[in-house]
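[1] Here is my input; please provide its structure:
(chains A and B)
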2 protein chains.
Amino acid sequence: MPRRAAASPRGAVGNIARVATTASTTKLVYDFAEGSREMRDLLGGKGANVAEMTRLLGADLVPAGFTITTEACVAYMRADRTPPPGLDDQVGAALAALEARAGKRLGDPDDPLLVSVRSGARESMPGMMDTVLNLGLNDASVEGLGRMTGNPRFAWDSYRRFVQMFANVVRGLPGERLEDEIAAVKADRGVTLDTELDTEALVELTVRFRALFAEHTGEPFPQEPREQLTQSINAVFDSWMGDRAVHYRRINRIPDDWGTAVNVQQMVFGNKGETSGSGVAFTRDEITGAPEPSGDFLVNAQGEDVVSGVRNTQDIADLARIMPDVHAHLLEILRTLEGHYRDMQDVEFTIEDGRLFMLQTRAAKRPAQAAVRFAVDAVGEGLLTPGQALATIDAEKLDALLHPTFDPTADYTVLTKGVNASPGAAKGAVVFTAADAVAADEDGRDVVLVRPFTEAEDVAGFHAARGILTSEGGKASHAALVARGMGRPCVCGASDLEIDLRDREVRIDGEVVLREGDLVVIDGTSGAVTTEDVQLVEPQMGEDFEQVLRWADDLRTLGIRTNADTPEDAAKARAFGAEGIGLCRTEHMFMAADRVPKMRAMILADTLEERVASLAELQPLQQADFEGIFEAMAGLTITIRLLDPPLHEFLPDREQVHAQLDEARTRGDDTAVVALERTLDRVHALAETNPMLGTRGCRLGLLYPEIYEMQVRAICRAATAVRERSGAPPHLEIMIPLVAYEGELEVMEQLVERVGQEEGLARGRDFTVGTMIELPRACLQADRIAMHADFFSFGTNDLTQTAIGFSRDDIEGKILAKYIDRKVLDRSPFETLDVPGVGQLVRMGAWLGRKTRGDLKIGVCGEHGGDPDSIAFFHTSGFDYVSCSPYRVPVARVAAAQAAVSSS
Amino acid sequence: MPRRAAASPRGAVGNIARVATTASTTKLVYDFAEGSREMRDLLGGKGANVAEMTRLLGADLVPAGFTITTEACVAYMRADRTPPPGLDDQVGAALAALEARAGKRLGDPDDPLLVSVRSGARESMPGMMDTVLNLGLNDASVEGLGRMTGNPRFAWDSYRRFVQMFANVVRGLPGERLEDEIAAVKADRGVTLDTELDTEALVELTVRFRALFAEHTGEPFPQEPREQLTQSINAVFDSWMGDRAVHYRRINRIPDDWGTAVNVQQMVFGNKGETSGSGVAFTRDEITGAPEPSGDFLVNAQGEDVVSGVRNTQDIADLARIMPDVHAHLLEILRTLEGHYRDMQDVEFTIEDGRLFMLQTRAAKRPAQAAVRFAVDAVGEGLLTPGQALATIDAEKLDALLHPTFDPTADYTVLTKGVNASPGAAKGAVVFTAADAVAADEDGRDVVLVRPFTEAEDVAGFHAARGILTSEGGKASHAALVARGMGRPCVCGASDLEIDLRDREVRIDGEVVLREGDLVVIDGTSGAVTTEDVQLVEPQMGEDFEQVLRWADDLRTLGIRTNADTPEDAAKARAFGAEGIGLCRTEHMFMAADRVPKMRAMILADTLEERVASLAELQPLQQADFEGIFEAMAGLTITIRLLDPPLHEFLPDREQVHAQLDEARTRGDDTAVVALERTLDRVHALAETNPMLGTRGCRLGLLYPEIYEMQVRAICRAATAVRERSGAPPHLEIMIPLVAYEGELEVMEQLVERVGQEEGLARGRDFTVGTMIELPRACLQADRIAMHADFFSFGTNDLTQTAIGFSRDDIEGKILAKYIDRKVLDRSPFETLDVPGVGQLVRMGAWLGRKTRGDLKIGVCGEHGGDPDSIAFFHTSGFDYVSCSPYRVPVARVAAAQAAVSSS
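    Residues are numbered from 1 along each chain as shown, chains lettered A, B, ... in the order given. As a prediction, this is how the structure comes out:
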């Protein structure tokens, strides 16, 4: 199942809805026979599914029981932990019906009915809330159970488990104190395993537990089963507000006021002997998705034993040998369930005295390859339509199918772990500079670029290296962003590593662990770093995956473009299905070794004439770059963003110039001193306190129109050249970055139109002009700005930075973890769009823009363009396309199709 | 008149309204007798006032004429410079009526009617649009005029002026070429003054002008007066779209689609001889506001001669001697006009052959002292109510009354000029460091702190110095902001100055102009810097000003608080009428010399324990600071903001530590080396790319709760101590800065409440908790945030930075001037709130906040809290108070009253 988007109504419900809690006449308890899977909100996931199974398979196959609604829980919370009126009566009636059906009574000293009491929220919150098993046992009924089953040890073991669970879960007795008692009794008996305790020992243990209970609570252990039940139900309600559960909900954005249901179900026993057992099963292979059921089971065991891993389980296939009828029956049920739910299922079952009971069913979690396989097979089998099949895939996970990985069977020592910043594995010799990486690439050597952190001038090294390893920064660091953009594996912030660029070595705790040229292997999917020659496994876009993508393309309405600055990236993205370039940054072109000196000369120019002269030298180079990209994208649309970053990014570091200056002075090289002093002056003059909010984007275009003019000219000439050569020119969209004021775009569109005209190209016919919407003010004034724009491309990275006041570089490493920890945030707003804040601005901007101009083309080119949850939001916001890094294109295609299916 | 707020409907009209232009049946021409001052939008300011004067004084006193409406101009523009249908006929009819009344005909060869054609927009745009005088002359009528006036020279001088003006203004003949002809004729005649040209020479000049006209336009000079008139009217329409006018409107935020009216008025002649003359007069002294008329006039002259300053004018009092009847009549008219308009008037008049004509009246521009004097006198005289009187004051200008200034009569040489960053004049010896300033202050010496730029650690020097002078930065630089906050005069960005901190000298072009200890005098009102001992004049809050402020307090509904961090500032602001502190920053307290080491120790702490220990040392100091402020503000409300700036602001500069480290290594001082290396590590670790968007505000509070805890404890203990001592504790508002997420405030309010409880204080009773709203996300989520806030204080400085993506430090010097030049902006969004962008967020935040909590207290503590236009916006947005720097408090009181008056 895909994660639900941040745009889902969940947030809204949590924030606003208030459930009516006048419960006296409200139905608060549903028999399993009354519910269905549509009632998930009211009965919780478990309750709804058990009810559905009861309907589907019949009451004989599902132990009977009833569900107390989530509304009852909400009423209980609102009333300061007081059960709502009527609940007790309704539970009593449901229990009476259950007893009648089972032919047993709760607490009957001869043949007691036992029940489990389990939580069950609308969405699964595994392990977050409390469960009580074997309820209904007391000093009398334990004897009856022993007699009825002919197994007093089983009866006493069940009783001591119940007392232990009840004391701990319902009354808060610390688990360690109970465990201490077990240890003491085992020590007395000279045994080491729980299973070695005999009946007498279990009796003693139960007595000790009850003494502890009395001491802790000041009350005797309740013998009255109805009292046990009431306390247990309230305890489940309470566990909804427990720390663990609250924390989990914050992380998973589940509103507090959903509440949990409580399921009371007749116990069945898989531990009654050799014709009993418990197991879990999947309707298909849970790793590969192949259409054969898989699973594990244990003879003479309860469900917890299967899950806990205490005993070695058997493969479900073995059941065919041991209990062939049960096995056949189970397979039939699995087919029935999958057909009914139209999705791969994960079930729990128990066999009691050769009789099969189904306890739970739910959609199976599955890795990407299994998800893809299931989707394709399910359509082939006629089980699902392509749209339904797509909806069963977690698009985010598909990323794993596109990158090489460590061989899962490989055995290796991890040197250290960092942040898994860009997926995939890479192997190569250590280099410490971008230049060395470029040189190695030219020699055909595989290298990994290792740096404390990276900067714009390192970008050439990203192209050349197989992977990137840094000791500083997180998922939003420069290294991470650029690496993800290029699909290069990257491990960031491996803070154990002391990377010494001068001595060209890497130390851990002062010990040298890597020198230049040493082999290093990184796994950007897990963050692992090793020096061992681990086998890598290449990814395969198998036929199933291709099929899924074809269906996605049929179903989606959002266009999918890519962010690409080079012909290579463009071609790669096109191969992945990109329908154009949504963001072609022009600044990386200036970072190449042969351009930096010219770019610097331009920036250091004292006069307009000097600057224009330097630009004239850059122009043919930029034109050639554009020609390459235009050819790679022949016939498609390309959005080209004019120069965006502040000019100081192209200048050398201040300390570096200082050092060169000292050196030139020592040398007595006066010419060099003068030149370096001038550079230093310019470095000082261009330095900014907050470059993010400084002289960049169209502000450069207004201050130095000659730069943008050169770029537009290069674009026009490249387009003309490509048209003449190939006859298939791209559709050009010229994009002005960082517009806050209508007037900025007005001045810039005039410049673009004028230069276009001078080059024989016309707006509308040969190119369009638009802007990035990446500042809050632009969203608020989008109606005015749209008067000058043919398209908007939302730059949600910068919009997130400005709207929240978060500098990615500064926040990700220092603040985000703390914020998630303190429940202020659930995940990084740079990964998934912050819908309540930034999303409001995005919607406002899109709406105002289209108000002015109904045919305004609207897209997004921030990293959110590759995030499935955010894509769903953009789809429902009426966007025309999303643009993402090449490797995210397949993910985006599927996510866009899912958004279209779920909103149609 | 106060400037209109950015919130005025003007912008909206300009953006949206479209005037219907089906003009065939529309009345496009109004006789002066038909108009009135209420028709300003339609007739323009001049037309409406002339009509009003005609009504008020009678047609005998105002030369007759008619006005072509602004709607005609708009229709003309919309129709691509084609006069609207019907205009020509309506002008013809109006002209016929004018001729009938005057008993003269336009172009009559015997006794021609002459008219002026003048623009007149809704708001005065002095000198921006065109005027044609003496229209109606041609080769025939010039002779008739000569005969009728018995003054052929006058007639030919009028004709050549008309030809010259018409050729230049209406047909675009360059003025220089016409001036060249005058020079040539004068050279021929051997004379130097225009007035020395005789009739023959003027005839020749007219011929030459006409030849030039024919050459330039390819047409003969139009002899037909109706043709002259039509062309002139169209020229005035055209001048509305001329570059100068468009530019002026952008600056003054006048919409393009207002259009201009055209006034056609019978000429009267002040240059007919010794019983004629022209003048300007004010109903009261235009400098002091004293209730005696003032003004200038010239005998035998036209209006332009008075204004141009070519001849020395006579004081209006002299008119009593020269033409006593006219003088008495004029004074009577002035009284009538002022009484009618209920405001000080500025009039133009002409005397033709002993007969007085009034040509124009308008509200007089006046300096602050005259505005205040007039307001008080006008109320005393029963002319105005206090509310009306206040409305006549430009609140912004009142600032001038609160600061010392250069003696206006002083004569001195300006060394250089910089940006007038904080008003007032200051005199003292040059010091180059904050420490030196502090030392001088302790010795009782007056100093001016001179630095290239200032930083947080220089703040102590601001207190100690009389004024601040920097060579870098603009009105939004650190120096400017802090200086304005403290009311210290400041000249910033005096970029001629090379300030050499090492050699302790200041150079201009390499020449030393100032050494440490030299006298320097700065005028922060004008930006002037001098080394001469100019006399300064101390300000006086005179009784009139006090009276105005008392009225303002009666009328305003907005509370006025101040931003103050010290007892001195608090006391000063209280003396200026502040009703509390809206922003008490706690970080400046850590900048003092005795605190910085402790603060650094806290930041450098490796463990929580170490940090808590350092904080424990700071706590009593901070408590003492608070006690001082609380005592100064006894009984009033104080909003205290917990620590806001990033911690690295308290650490030494990186290069400084490097230098110390080198030095320690050379010295072989291992202990120092270790300590400095640790400092350097911490400086590196805390360095941020964009500190504005980094780890500051409540993010610090979440990362280091112990810091906020210390601050809250110090606040509580100070409050308790002051209450015990004085019985008059302040009302405390504890403010959490930089909240973006509801959860941030939730965590922080819990901390504040807990510490308050530990100190025996309770929220609600002893203090309230609120937040700054200074991020776009906070505005968008204000309903959620308000669930945890007792008050909101809008931090519009940071909100402006984030919403527009403008870093003040980086933008003001580099971008703003260019933006204003390119008409992208009209003024800095840091001076006056950007209503369409930032203002939308402010209104949204206020509205959402009150939606959650109707009694939410709302204020503003950004610099906009002291800007009259912005104050009007906050008033209409339902704010409870504004907070501004102490010296802006009186301005804010008046502006708040004006806002209340104009919206009531």
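[2] The helix or strand containing residue A:116 packs against which elements?
    Secondary-structure element containing residue A:116, defined by DSSP states H and E: strand A:115-121. Contacting strand A:115-121 under the criterion 3 or more Cβ pairs under 8 Å, 6 or more residues apart in numbering or on different chains; DSSP states H and E are the following elements: helix A:40-57, strand A:131-135, helix A:225-240, strand A:260-266. C-beta coordinates here come from the backbone N, C-alpha and C atoms, glycine included.
[3] Please name the residues that touch residue A:351.
    Going by Cβ atoms under 8 Å, 6 or more residues apart in numbering or on different chains, residue A:351 touches A:270, A:275-279, A:323, A:326, A:357.
[4] at 7 Å what do you get?
    A:270, A:276-277, A:323, A:326 (Cβ atoms under 7 Å, 6 or more residues apart in numbering or on different chains).
[5] Please apply the same query to residue A:469.
    Residue A:469 makes contacts with A:448, A:450, A:491, A:494, A:520, A:522, A:529, as judged by Cβ under 7 Å, 6+ apart.
[6] Surely it is in a strand?
    Yes. The secondary structure assignment for residue A:469 places it in a strand, going by DSSP: H, G, I helix; E, B strand; the rest coil.
[7] which residue packs closest to the residue minimising distance to the centre of chain A, ignoring adjacent ones?
    The centre of chain A sits closest to residue A:396, judged by Cα atoms, centre = their mean, with a distance of 6.3 Å. Nearest non-adjacent residue to residue A:396, counting by Cβ to Cβ, 6 or more residues apart in numbering or on different chains: residue A:868, 5.3 Å away.
[8] what does residue A:627 give?
    Counting by Cβ to Cβ, 6+ apart, residue A:718 is the residue found nearest to residue A:627 once chain neighbours are left out, at 4.5 Å.
[9] Look up the pLDDT of that neighbour for me, please.
    For residue A:718, the pLDDT comes out at 96.
[10] one step back: neighbour-wise, give me the winner out of the contacts of residue A:351.
    Neighbour counts for the contacts of residue A:351 peak at residue A:277, which has 28 neighbours (criterion: other Cβ atoms under 10 Å in any protein chain shown).
[11] From chain B, how far off is it?
    Between residue A:277 and chain B the distance, using Cβ to the nearest Cβ, to the nearest Å, works out to 47 Å.
[12] ok, now residue A:894?
    The separation that residue A:894 has from chain B, given Cβ to the nearest Cβ, amounts to 30 Å.
[13] The helix or strand hosting that residue - what's its average pLDDT?
    Assigned by DSSP H and E, residue A:894 belongs to helix A:889-903. For helix A:889-903, the mean pLDDT works out to 96.
[14] do the same with stretch A:792-808
    For stretch A:792-808, the mean pLDDT works out to 96.
[15] on that earlier part again, thought residue A:399 was touching the residue nearest to residue A:396, still the case?
    No. No contact is recorded between residue A:868 and residue A:399 when judged using Cβ atoms under 7 Å, the distance being 10.1 Å.
[16] number of nearby residues for residue A:209?
    25.
[17] all strands of the stretch 451-600 of chain A, in order?
    Chain-ordered strands for the stretch 451-600 of chain A, with DSSP state E, counting those that start in this stretch as the definition, fall at A:467-470, A:490-492, A:497-500, A:505-508, A:511-515, A:519-523, A:528-530, A:536-537, A:559-563, A:580-585.
[18] Kindly compare burial across the ones you listed and name the winner.
    strand A:490-492 (a mean of 33; mean count of other Cβ atoms under 10 Å in any protein chain shown).
[19] Name the strands paired with it and say parallel or antiparallel.
    Each strand paired with strand A:490-492, and its direction, by DSSP bridges: strand A:419-422 (antiparallel), strand A:467-470 (parallel).
[20] Can you tell me which of those strands has the worst average pLDDT?
    When mean pLDDT is averaged over each of those, strand A:419-422 scores lowest at a mean of 82.
[21] could you point out which element follows that one?
    Next along the chain after strand A:419-422, taking DSSP H and E as the criterion, comes strand A:425-431.
[22] by contact count, what packs against that next one?
    Strand A:425-431 is packed against strand A:447-451, strand A:519-523, with contacts defined by 3 or more Cβ pairs under 7 Å, 6 or more residues apart in numbering or on different chains; DSSP states H and E.
[23] Direction included, what does that strand pair against?
    Based on DSSP bridges, the pairing partners of strand A:425-431 within the sheet are strand A:447-451 (parallel), strand A:519-523 (antiparallel).
[24] For the last one, C-alpha coordinates in CSV please.
    It refers to strand A:519-523. Taking only C-alpha atoms (Å, rounded to 0.1, in the frame of the first residue of the first chain), the coordinates of strand A:519-523 have been written out as CSV:
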residue,chain,number,x,y,z
LEU,A,519,39.5,0.6,-2.0
VAL,A,520,36.3,1.8,-0.4
VAL,A,521,32.7,0.6,-0.9
ILE,A,522,29.7,2.6,0.1
ASP,A,523,26.0,1.6,0.3
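[25] Touching that strand from outside, list them.
    In this structure, residues lying in contact with strand A:519-523 by Cβ under 7 Å, 6+ apart are A:406, A:425-427, A:429-430, A:448, A:467, A:469, A:489, A:491, A:514, A:529-534.
[26] Okay, strands next: where are they in the stretch 201-350 of chain A?
    Using DSSP E, counting those that start in this stretch, strands in the stretch 201-350 of chain A cover A:260-266, A:277-282, A:294-299, A:314-315, A:345-352.
[27] between those, which one is nearest to residue A:741?
    Closest approach to residue A:741 among the strands of the stretch 201-350 of chain A is made by strand A:260-266 (51.4 Å; Cβ to Cβ).
[28] Quick check: which ranges of chain A have low pLDDT?
    Within chain A, the set of residues satisfying pLDDT under 70 comprises A:1-24, A:126-129, A:247-248, A:250-253, A:307-311, A:456, A:475-476, A:485, A:540, A:813.
[29] ok, now which residue in it is the farthest from the centroid?
    Each residue of chain A has a distance to the centre, and by Cα atoms, centre = their mean the biggest one is for residue A:668: 58.7 Å.
[30] For that one, grab phi and psi.
    Backbone torsions of residue A:668, given as degrees, to the nearest 10, read phi 80, psi 30.
[31] ok now do it, which residues does it touch?
    Under the criterion of Cβ under 7 Å, 6+ apart, residue A:668 has no neighbours.
[32] mind checking how far it is from residue A:799?
    Counting by Cβ to Cβ, to the nearest Å, the gap from residue A:668 to residue A:799 is 52 Å.
[33] ok, now residue A:390?
    Applying Cβ to Cβ to residue A:390 and residue A:799 gives a distance of 29 Å.
[34] Tell me which stretches of the stretch 51-200 of chain A form helices.
    Assignment of helices within the stretch 51-200 of chain A using DSSP state H, counting those that start in this stretch yields the ranges A:70-78, A:87-102, A:141-149, A:152-165, A:175-189, A:199-217.
[35] and residue A:212, how many residues sit next to it?
    For residue A:212, the count of nearby residues is 20 (other Cβ under 10 Å).
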